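[1] When you get a sec, could you give me coordinates for this:
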Amino acid sequence: MNHAFPKLLSSQIAYDIARTILDGFDKHYRLFRQASQQARIHFERGDWAAAQDAQVERIDYYDKRVQECVHILEDEYDPGELTDDVWRETKLHYIGLLAGHKQPELAETFFNSVCCQILHRTYYHNEYIFVRPVVSTEYIETDELLPTYRVYYPLVDGLRFTIKRIVTNFQLQTKFANLDRDVEQVEQRLTQMFGRDTTIEPDHQIHVLSSLFFRNKGAYIVGKGINGGREFPFVVAILHNRKGELVLDTVLFDQEQITILFSFTRAYFMVDMEVPSAYVQFLRTLLPRKPKSEIYTILGLQKQGKALFYRDYLQHLKHTSDQFEIAPGIRGLVMLVFALPSFPYVFKVIKDHFAPPKETTRADVKRKYLLVKHHDRVGRMADTLEYSNVAFPLARFSDELLAELREHAPSLIEIEDEQIIVRHLYIERRMVPLNIFLANAEKSGKEHLLEYAVLEYGNSIKDLVAANIFPGDMLYKNFGVTKHGRVVFYDYDEIEYLTDCDFRAIPAPRNEEDEMSAEPWYPVGKHDVFPEQFGAFLLGNPKIRQYFMKHHADLLDPAWWQAHKQRIAEGVVEDVFPYPQQVRFCYQQANPSSAPYTPAYLENQHNE
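    This is a model prediction of the structure:
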């Protein structure tokens, strides 16, 4: 028996605190669902600006509700009233209040967030907070009128009729341009998918999540086919055409493409979920290699994703013995980056001082990372997890890494009881730095990978431009290559909104002295950018220059940048598709003889 806990729950203060925290969470999730429901209206109306604003605002809901709750508790109770016994009992009361709750795992995390704002880190263990989850999320009952997913039977109704029922059951209040045509195209794709099995079994079913997934200018139907014990995930994309009518744009059933749709480099989905754990469980059958933490995050429940990630990290530490070390690649001027070789993430700490030519501050860097958190990442910027007071086992830090931290970030570290406490850091998915990828491709003579990486690099910049982002520092070392072969930007200390930049052509020299000068002979403003200069620091390698000029010569033209800036200023929200153009129905209609789409990177890797 654990005598640390009271035999009877007798503290009214403890109960009131628990009730206040749960009320705070319930308010948060009510507003979270309302925002997700509103996303449907924005989509139906094609109000993309409102949709983007709502997506940004929703990210801050959680922290606002946590702060509200903390302020209530601080106003209501004197510190002397909040004894250790009260905090222990508060957690027990909270567990009791979660009986029958639809989002217990999220409520536990909210409890932790509030308590960690009040308690010292010495209390961050399971006696006071939910280091381990307590309430099960298995078999939570949903509203009968809106189950987690609907089941359809193609053998009874026919596949084409079933697909039309799936689409019309969502009751979107916008006219389809030609639903019968689109349904026929979806049928052809799904028939191709099911065609992998030689026979259709009697238990053939299609399961579809009951809520649409909204993001940017698209809505997505997420489901899976079941045939004889085999499952076939698929996603149907719904878009507006130029007339504002709806079209079914494509069906994704390739595992790689679905994974990229749910990537950590994209904005969070807006999904109305009464029981989020049930949605996560369904999605895990579609994305078995994605951890639950990432799925919660991509559903907009990033604090839950962050909590689960940290639990996974602690488990990983417990079962490994390798050392933390400085991450490979060129050392940054702003960030000190370290990694654990056995763990697929990197840890980034802002240095105390920045060497020239960097002119920024820690506060500025944190604002840039927050900008990325709120912005549409269009598949080209890595999401980051921000933590405070993270404890690492001191014995597992290499001497070199410890020396680097003491030299470059002494204000952010504290050594205590054989642990090193890092007061603030970012955790980000580990990628191969693009400069290393390019060097390895050239060294090994793999021309196709060299060209592919240069093509992807330019595409990455163009996607960022479409989202009103100018990377600032465009050196290859600031981009990484994911395991899916996508080039992603991950160094944010110099990013700016494209609309804040002034893209200029270099003036012609006035005389020979100007022409020979090592310094600009023309005035340069703080936000001036001269695209013609990009080649000087990006295209010194002849092979890279060859492929860059083949695919992306327009990036050296100031007029290209000015035109995109003008479109954004006029309120145009560009289309940035989370899947290749070649899989869209309109592409296949325009190119009927084209071969089935295969990503060049994957195809080339496979052929080697």
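
[2] Buried ones in stretch 219-229, by neighbour count?
    A219, Y220, I221, V222, G223, K224, G225, I226, N227 (16 or more other Cβ atoms under 10 Å). For the C-beta atoms, the positions are set from N, CA and C on the backbone; glycine is no exception.

[3] got it, and stretch 422-441?
    By 16+ other Cβ under 10 Å, the buried positions in stretch 422-441 come out as 422, 424-438, 441.

[4] any low-confidence regions in the stretch 351-500 of the chain?
    Scanning the stretch 351-500 of the chain for pLDDT under 70 picks out nothing.

[5] related to what we said a few turns ago, quick one: which of the buried residues of stretch 422-441 sit in strands?
    Within these, residues falling in strands by DSSP state E are V422, H424, L425, Y426, I427, E428, R429, V432, P433.

[6] Just put those in JSON lines and tack on distance to P233.
    Formatted as JSON lines, these follow (distance: Cβ to Cβ, whole Å):
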{"residue": "V422", "distance to P233": "38"}
{"residue": "H424", "distance to P233": "38"}
{"residue": "L425", "distance to P233": "35"}
{"residue": "Y426", "distance to P233": "31"}
{"residue": "I427", "distance to P233": "28"}
{"residue": "E428", "distance to P233": "27"}
{"residue": "R429", "distance to P233": "22"}
{"residue": "V432", "distance to P233": "27"}
{"residue": "P433", "distance to P233": "32"}
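
[7] Taking those together, which two end up most distant?
    Pairwise distances across these peak at 26.3 Å for H424 and V432 (criterion: Cβ to Cβ).

[8] what does stretch 284-298 contact?
    For stretch 284-298, contacts defined as Cβ atoms under 8 Å, 6 or more residues apart in numbering pick out 222, 224, 231, 233, 258-259, 262-264, 266, 268-269, 276, 280, 283, 302, 304-309, 312, 383.

[9] buried subset of these?
    Among these, those buried by neighbour count (16+ other Cβ under 10 Å) are 222, 224, 233, 258-259, 262-264, 266, 268-269, 276, 280, 283, 302, 304-309, 383.

[10] In helices, which of the residues you listed appear?
    Among those, the ones falling in helices (DSSP state H) are I258, T259, P276, V280, L283, Q302, Q304, G305, K306, A307, L308, F309.

[11] How about the first one, nearest residue that isn't a chain neighbour?
    Taking Cβ to Cβ, 6 or more residues apart in numbering as the measure, I258 lies nearest to L252, with 5.4 Å between them; neighbours along the chain are not counted.

[12] residues in contact with that neighbour?
    Residues in contact with L252 (Cβ under 8 Å, 6+ apart) are F234, V235, A237, I258, L261, Y579, V583.

[13] and the closest residue to the first one other than its chain neighbours, how many residues sit next to it?
    Ranked by Cβ to Cβ, 6+ apart and with sequence neighbours excluded, the top spatial neighbour of F234 is F253, at 4.3 Å. Residues within reach of F253, counting by other Cβ atoms under 10 Å, total 21.

[14] before we move on, what about the one 3 residues further on?
    By other Cβ under 10 Å, the residues close to E256 number 13.

[15] and the gap between V529 and L464?
    14 Å (Cβ to Cβ, to the nearest Å).

[16] Which residue of these two possesses the greater neighbour count?
    L464 (24 against 18).

[17] right, and that one touches Y490 too?
    No: taking Cβ atoms under 8 Å as the definition, L464 is not a contact partner of Y490, at 11.9 Å.

[18] Give me the common contacts of the two.
    M381.

[19] which residues of the stretch 351-500 of the chain fall in helices?
    Under the criterion DSSP state H, counting those that start in this stretch, the stretch 351-500 of the chain carries helices at the ranges 362-374, 399-408, 434-443, 447-466.

[20] List of residues touching the last one?
    Same thing as helix 447-466. Residues from elsewhere that reach helix 447-466 (Cβ under 8 Å, 6+ apart): 378-381, 434, 437-438, 441-442, 470-471, 474, 476, 479, 481, 485-489, 498, 543-544, 547-548, 550-552, 555, 561, 564, 574-576, 600-601, 604.

[21] try 6 Å this time
    378, 380, 437-438, 441-442, 487, 498, 544, 547-548, 551-552, 564, 574, 576, 600-601, 604 (Cβ atoms under 6 Å, 6 or more residues apart in numbering).

[22] go on, the first one?
    By Cβ under 6 Å, 6+ apart, the surrounding residues in contact with helix 362-374 are V56, I59, I350, M381, Y492, D493, I495.

[23] burial measure for R58, as a count.
    As a burial measure, R58 scores 20 neighbours (other Cβ under 10 Å).

[24] Can you name the next helix or strand after the one helix or strand it maps to?
    Per DSSP states H and E, R58 falls inside helix 48-76. Next along the chain after helix 48-76, taking DSSP H and E as the criterion, comes helix 84-97.

[25] quick one: low-confidence ranges for the protein?
    Using pLDDT under 70, the chain drops low at 1-10, 120-126, 144-145, 196-200, 514, 593-608.

[26] how about 80 then?
    1-10, 120-127, 142-146, 194-203, 228, 509-523, 588-608 (pLDDT under 80).

[27] how far does the helix ranked longest in it sit from the chain's center?
    When the chain is parsed with DSSP H, its longest helix is helix 12-45. Relative to its parent chain, helix 12-45 has a centroid offset of 22 Å by Cα atoms, centre = their mean, to the nearest Å.

[28] so what secondary structure elements neighbour that helix?
    helix 48-76, helix 84-97, helix 104-118 (3 or more Cβ pairs under 6 Å, 6 or more residues apart in numbering; DSSP states H and E).

[29] if we can go back for a sec, just give me the closest of the ones in strands among the buried residues of stretch 422-441 to P202.
    Set against P202, the nearest of these by Cβ to Cβ is R429 (42.7 Å).

[30] so the closest one bridges to which residues?
    Y345 (DSSP bridges).

[31] Make 56 the first number, not 1, from now on.
    Taking 56 as the first residue, the last one we looked at is R484.

[32] what's the spacing between it and D438?
    Applying Cβ to Cβ to R484 and D438 gives a distance of 8 Å.

[33] Pull the contacting residues for Y149.
    Counting by Cβ under 6 Å, 6+ apart, Y149 touches A73, F166.

[34] Kindly list the main-chain dihedrals of the spatially most central residue of the chain?
    Taking Cα atoms, centre = their mean, the centroid of the chain lies closest to F319, which sits 3.2 Å from it. The phi/psi pair for F319 (degrees, to the nearest 10) reads phi -70, psi -10.

[35] looking at it, it is touching D438, isn't it?
    Yes: counting by Cβ atoms under 6 Å, D438 is a contact partner of F319 at 4.8 Å.

[36] Let me see the contact set for L395.
    By Cβ under 6 Å, 6+ apart, L395 lies in contact with F379.

[37] whoops, I mixed them up, A522
    Contacts of A522 (Cβ under 6 Å, 6+ apart): D431, V433.

[38] again, only using 8 Å
    H430, D431, R432, V433, R435, E629, V631.

[39] Kindly reformat the residues you listed as TSV containing distance to P564.
    Converted to TSV, the contacts of A522 look like this (distance: Cβ to Cβ, whole Å):
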residue	distance to P564
H430	39
D431	41
R432	41
V433	38
R435	36
E629	36
V631	39
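
[40] Of these, which is the most crowded?
    Top of the contacts of A522 by neighbour count (other Cβ under 10 Å): R435, with 28 neighbours.

[41] quick revisit: what sits in contact with each of F319 and D438?
    Common neighbours of F319 and D438 (Cβ under 8 Å, 6+ apart) are T352, R484.

[42] which neighbours do V584 and L519 share?
    Common neighbours of V584 and L519 (Cβ under 8 Å, 6+ apart) are F525.
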